[in-house]
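Visitor: from the sequence below, what's the structure:
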Amino acid sequence: MAHKKGSGSTKNGRDSNSQRLGVKKYGGEQVIIGNILVRQRGTKFKPGYNVKKGKDDTLFATINGIVKFETINKKIER
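Guide: Numbers count the residues shown, from 1 in each chain. Next comes the predicted model:
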């Protein structure tokens with residue numbers, strides 16, 4: 001007798017949404033208060049003058065102005 005087996009389930013077929021991390025405003029760009037400069041996990045970029053760090057390590061502007069990135073030493077970027 002011919003029998004048809006039930007189809008098995010698979011463990012594949014899912015994917016997480018991207019986190020959309022990275023630099024959002026580059027050097028020389030105009031920003032206003034509250035603009036997000038960098039979305040990051042951990043502190044690859046450290047906050048400099050007039051920049052604060054959010055609880056998820058996001059850097060954002062605290063005043064209106066122009067963005068400037070600077071390297072303090074070889075391991076730390078601001």
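Visitor: buried ones in stretch 58-74?
Guide: Neighbour counts over stretch 58-74 (16 or more other C-beta atoms under 10 Å) mark 58-61, 65, 67 as buried. From N, CA and C alone the C-beta is placed, and that goes for glycine too.
Visitor: excluding its backbone neighbours, what's nearest Val38?
Guide: Spatially, and ignoring its direct neighbours in sequence, Val38 is nearest to Leu59 (4.4 Å; C-beta to C-beta, 6 or more residues apart in numbering).
Visitor: out of the buried residues of stretch 58-74, which is nearest to Pro47?
Guide: Of all the buried residues of stretch 58-74, Pro47 sits closest to Leu59, with 5.4 Å by C-beta to C-beta.
Visitor: who's in contact with the closest one?
Guide: Neighbour list for Leu59: 36-38, 40, 45, 47, 51-53 [criterion: C-beta atoms under 8 Å, 6 or more residues apart in numbering].
Visitor: 7 Å - rerun?
Guide: For Leu59, the contact set (C-beta atoms under 7 Å, 6 or more residues apart in numbering) comprises 37-38, 45, 47, 51, 53.
Visitor: run through this protein and note the low-pLDDT ranges.
Guide: In the predicted model, the chain carries pLDDT under 70 at residues 1, 6, 75-78.
Visitor: so which residues of it form helices?
Guide: Assigned by DSSP state H, the chain shows no helices.
Visitor: and the closest residue to Val31 other than its chain neighbours, what are its bridge partners?
Guide: In space, and not counting its chain neighbours, Val31 is closest to Ala61: 4.5 Å by C-beta to C-beta, 6+ apart. Beta-bridge partners recorded for Ala61 (DSSP bridges): Val51.
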